[in-house]
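A.B. asks: Just need the structure, nothing else, for what follows:
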Amino acid sequence: MIRFRARTGLALALLLTTAGARSALAQSLPDLVTTDTLRVCGDPGNMPFSERKEDGFENRIAAIIAEELKVKVRYYWLTQGPGFVRNTLGTGLCDVIMGSASGGELVQHTNPYYRSAYTLVTRKGELDGVTRLDDPRLKGKAIGVIGGTPPVNRMGELGLVSTMKAYAPYQLDPARKHQTIAAEVIADLAEKRIDAAILWGPAAGWLAKQSGVPMVVVPLLEEPDRPPLTFRIALGVRMEENDWKRTLNTILRKRRTDIETVLRDFDVPLLEEEGNKLLEPTKP
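C.D. replies: The predicted model follows:
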């Protein structure tokens, strides 16, 4: 829910309703949050983030939150795509979206619970040592990237567009071969249809390990600030539900170490809160 849906990843903008459309009266309405169940808006097939079997890392983080609230988790499942937030959080069918990029204006975000980056993924032994997109060894290479994601702009600046392979950001065909677009990109890399890939790190690390082909996943930490390739990830809630946001912030702060453990279990590249530096593991 960068989710650069990678399905990736990213949604960067979470749509609750048209900006400014809420009246002053609406701001005073009581919370719609259900107190006896943690109702999560989830994608049933978006690994490593979430899955109907609840074995994605966002599923596990939701379970941590539910444990603190002393309630059970219940999902409202809907495939990521246009209208996802409007048809989930916006309709009151669920109360929190996991993995939302901080800074969007159309929903309220909690404090971020991790920060990550886009990554360069290559087959081990072929482009080892490349840490920047302006490395001359990438010139002329077929680089897979999801259309509409921030790395495309940076690739344009560096003259890498002519040989890149752009993948559609959404694949809604139920007969599709791969669960997500990011999984398709990694499969193509494993099968040597492309030379490298640039993907949202939280998807890339796990998918690369699952591919069966040795791969190197390098967080892009040496790129210019614009376009941004690093993002803070938070929970998304409805605009007016401040008490709910504060409750979630308290849990995120209390269970920070447990959440970090889950993220590392899924090979999510974690960054320091400020600066482009990898986060050192939290000491017990």
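A.B. asks: now what about the helix or strand residue 234 falls within, what contacts it?
C.D. replies: The secondary structure element spanning residue 234 is strand 230-237 (assigned by DSSP states H and E). Contact partners of strand 230-237, identified using CB atoms under 8 Å, 6 or more residues apart in numbering, comprise 1-2, 10, 12, 14, 85, 89, 95-104, 107-118, 202, 221, 244-245, 248, 252, 271, 276. From N, CA and C alone the C-beta is placed, and that goes for glycine too.
A.B. asks: from the chain's centre, how far out does that strand sit?
C.D. replies: 8 Å (CA atoms, centre = their mean, to the nearest Å).
A.B. asks: and residue 166, what element?
C.D. replies: Going by DSSP H and E, residue 166 is part of strand 165-167.
A.B. asks: For that strand, which strands pair with it and how are they oriented?
C.D. replies: strand 143-146 (parallel) (DSSP bridges).
A.B. asks: Return the set of buried residues in the helix or strand that comes right after the partner strand.
C.D. replies: The C-terminal neighbour of strand 143-146 among helices and strands, as given by DSSP H and E, is helix 151-157. By neighbour count with 16 or more other CB atoms under 10 Å, helix 151-157 contains the buried residues 151-152, 154-155.
A.B. asks: Identify, from those residues, the entry nearest to residue 138.
C.D. replies: residue 155 (9.1 Å; CB to CB).
A.B. asks: what about the strand or helix carrying residue 244, average pLDDT?
C.D. replies: Using DSSP H and E, the element containing residue 244 is helix 242-254. With pLDDT averaged residue by residue, helix 242-254 scores 97.
A.B. asks: how about that helix: buried residues?
C.D. replies: For helix 242-254, burial by neighbour count (16+ other CB under 10 Å) applies to 244-245, 247-248, 251-252.
A.B. asks: Filter the contacts of strand 230-237 down to the buried ones, PyMOL style.
C.D. replies: A single PyMOL command is used to select the members of the contacts of strand 230-237 judged buried by 16+ other CB under 10 Å:
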select buried, resi 1+2+10+12+14+85+89+95+96+97+98+99+100+101+102+104+107+108+109+110+112+113+114+115+116+117+118+202+221+244+245+248+252+271+276
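A.B. asks: As a check, name the ranges of all helices in the stretch 151-284 of the chain.
C.D. replies: In the stretch 151-284 of the chain, the segments counted as helices under DSSP state H, counting those that start in this stretch are 151-157, 181-190, 201-210, 242-254, 256-265.
A.B. asks: In TSV, list these along with distance to residue 163.
C.D. replies: Output for the helices of the stretch 151-284 of the chain, formatted as TSV (distance: least, CB to CB, whole Å):
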stretch	distance to residue 163
helix 151-157	10
helix 181-190	14
helix 201-210	20
helix 242-254	42
helix 256-265	33
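A.B. asks: Which one of those lies nearest to residue 57?
C.D. replies: The closest of those to residue 57 is helix 256-265. By CB to CB, the value is 5.3 Å.
A.B. asks: could you measure residue 73 against residue 157, distance?
C.D. replies: 43 Å (CB to CB, to the nearest Å).
A.B. asks: what's the pLDDT at residue 274?
C.D. replies: 92.
A.B. asks: likewise residue 10?
C.D. replies: Confidence score, pLDDT, at residue 10: 39.
A.B. asks: Give me the contact list for the strand holding residue 166.
C.D. replies: Outside strand 165-167, the residues that reach it (CB under 8 Å, 6+ apart) are 142-147, 152, 181, 184-185, 188, 193-194.
A.B. asks: Show me which of those is closest to residue 69.
C.D. replies: Nearest member of the contacts of strand 165-167 to residue 69, counting by CB to CB, is residue 181, at 33.1 Å.
A.B. asks: Low-confidence ranges, this structure, go.
C.D. replies: Scanning the chain with the threshold set as pLDDT under 70 gives 1-31, 105, 172, 283-284.
A.B. asks: Please enumerate the strands of it.
C.D. replies: Remark: strands assigned in the chain by DSSP state E are 37-42, 45-46, 50-51, 72-77, 96-101, 108-109, 114-123, 143-146, 165-167, 196-200, 215-219, 230-237.
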